[in-house]
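Enquirer: Got a sequence here, can you model it:
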Amino acid sequence: MLHTFFNHFELLADAPNGVQKLRELILQLAVQGKLVPQDENDEPAAILLETIKTEKNSQKPPFINY
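Expert: Numbering: from 1, shown residues only. Modelled structure (predicted):
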(Lines give C-alpha, C1' and ligand atoms only; values in the text may rest on other atoms or scores of the structure.)
Protein backbone atom coordinates (compact mmCIF):
# COMPACT_ATOMS: atom_id res chain seq x y z
CA MET A 1 0.00 0.00 0.00
CA LEU A 2 2.79 2.46 0.90
CA HIS A 3 4.53 1.76 -2.42
CA THR A 4 1.28 2.49 -4.28
CA PHE A 5 0.81 5.68 -2.27
CA PHE A 6 4.23 7.01 -3.23
CA ASN A 7 3.75 6.01 -6.88
CA HIS A 8 0.61 8.18 -7.00
CA PHE A 9 1.69 10.93 -4.60
CA GLU A 10 1.92 13.62 -7.29
CA LEU A 11 -1.53 12.71 -8.59
CA LEU A 12 -2.96 12.93 -5.07
CA ALA A 13 -1.21 16.18 -4.24
CA ASP A 14 -2.36 17.87 -7.47
CA ALA A 15 -6.00 16.82 -7.11
CA PRO A 16 -8.58 19.40 -5.98
CA ASN A 17 -8.20 19.71 -2.20
CA GLY A 18 -5.48 17.07 -2.51
CA VAL A 19 -3.12 18.58 0.05
CA GLN A 20 -5.96 19.01 2.56
CA LYS A 21 -7.05 15.40 1.99
CA LEU A 22 -3.47 14.20 2.49
CA ARG A 23 -3.26 16.13 5.77
CA GLU A 24 -6.52 14.57 6.92
CA LEU A 25 -5.29 11.11 5.95
CA ILE A 26 -2.01 11.57 7.83
CA LEU A 27 -3.84 12.83 10.92
CA GLN A 28 -6.27 9.90 10.76
CA LEU A 29 -3.41 7.40 10.46
CA ALA A 30 -1.57 9.06 13.35
CA VAL A 31 -4.63 8.90 15.62
CA GLN A 32 -5.09 5.24 14.72
CA GLY A 33 -1.42 4.53 15.55
CA LYS A 34 -0.63 3.38 12.04
CA LEU A 35 2.27 5.70 11.21
CA VAL A 36 4.88 3.94 13.32
CA PRO A 37 5.22 0.42 14.71
CA GLN A 38 3.34 0.02 17.98
CA ASP A 39 4.94 -1.37 21.14
CA GLU A 40 2.65 -3.80 22.91
CA ASN A 41 4.43 -2.97 26.18
CA ASP A 42 3.29 0.67 26.07
CA GLU A 43 0.57 1.52 28.55
CA PRO A 44 -2.81 2.57 27.16
CA ALA A 45 -3.31 6.29 26.61
CA ALA A 46 -6.05 6.43 29.27
CA ILE A 47 -3.60 5.23 31.93
CA LEU A 48 -0.92 7.65 30.76
CA LEU A 49 -3.38 10.56 30.88
CA GLU A 50 -4.47 9.58 34.40
CA THR A 51 -0.83 9.44 35.51
CA ILE A 52 -0.18 12.91 34.08
CA LYS A 53 -3.32 14.27 35.74
CA THR A 54 -2.33 12.80 39.11
CA GLU A 55 1.19 14.20 38.88
CA LYS A 56 -0.08 17.61 37.83
CA ASN A 57 -2.57 17.75 40.71
CA SER A 58 0.07 16.73 43.26
CA GLN A 59 2.41 19.59 42.35
CA LYS A 60 2.36 22.70 44.46
CA PRO A 61 1.39 25.86 42.61
CA PRO A 62 4.32 28.14 41.86
CA PHE A 63 5.02 30.89 44.37
CA ILE A 64 4.25 34.30 42.90
CA ASN A 65 5.78 37.24 44.70
CA TYR A 66 3.99 40.49 43.85
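Enquirer: which regions of this protein lie under the pLDDT threshold?
Expert: 1-2 (pLDDT under 70).
Enquirer: What segments of it are helices?
Expert: 2-7, 9-14, 18-31, 45-58 (DSSP state H).
Enquirer: Using a markdown table, please lay out those helices together with mean neighbour count and distance to N65.
Expert: In this view, the C-beta of every residue, glycine as well, is placed from N, C-alpha and C. Listed next are the helices of the chain as a markdown table, based on neighbours: other Cβ atoms under 10 Å; distance: least, Cβ to Cβ, whole Å:
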| stretch | mean neighbour count | distance to N65 |
| --- | --- | --- |
| helix 2-7 | 8 | 56 |
| helix 9-14 | 11 | 54 |
| helix 18-31 | 12 | 42 |
| helix 45-58 | 9 | 23 |
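Enquirer: How about the contacts made by the most centrally placed residue in the chain?
Expert: When the chain is reduced to its mean C-alpha position, the closest residue under Cα atoms, centre = their mean turns out to be A30, at 4.4 Å. By Cβ atoms under 8 Å, 6 or more residues apart in numbering, the contact list for A30 is empty.
Enquirer: same thing but at 10 Å, please
Expert: Residues counted as contacts of A30 (Cβ atoms under 10 Å, 6 or more residues apart in numbering) are V36.
Enquirer: same check, this time on A45
Expert: So A45 contacts G33 (Cβ under 10 Å, 6+ apart).
Enquirer: where's it relative to V36, distance?
Expert: Using Cβ to Cβ, to the nearest Å, one gets 15 Å for the distance from A45 to V36.
Enquirer: phi, psi of H8?
Expert: Note on H8: backbone dihedrals following degrees, to the nearest 10 are phi -110, psi 10.
Enquirer: What is the burial count for it?
Expert: Neighbour count for H8, taken as other Cβ atoms under 10 Å: 11.
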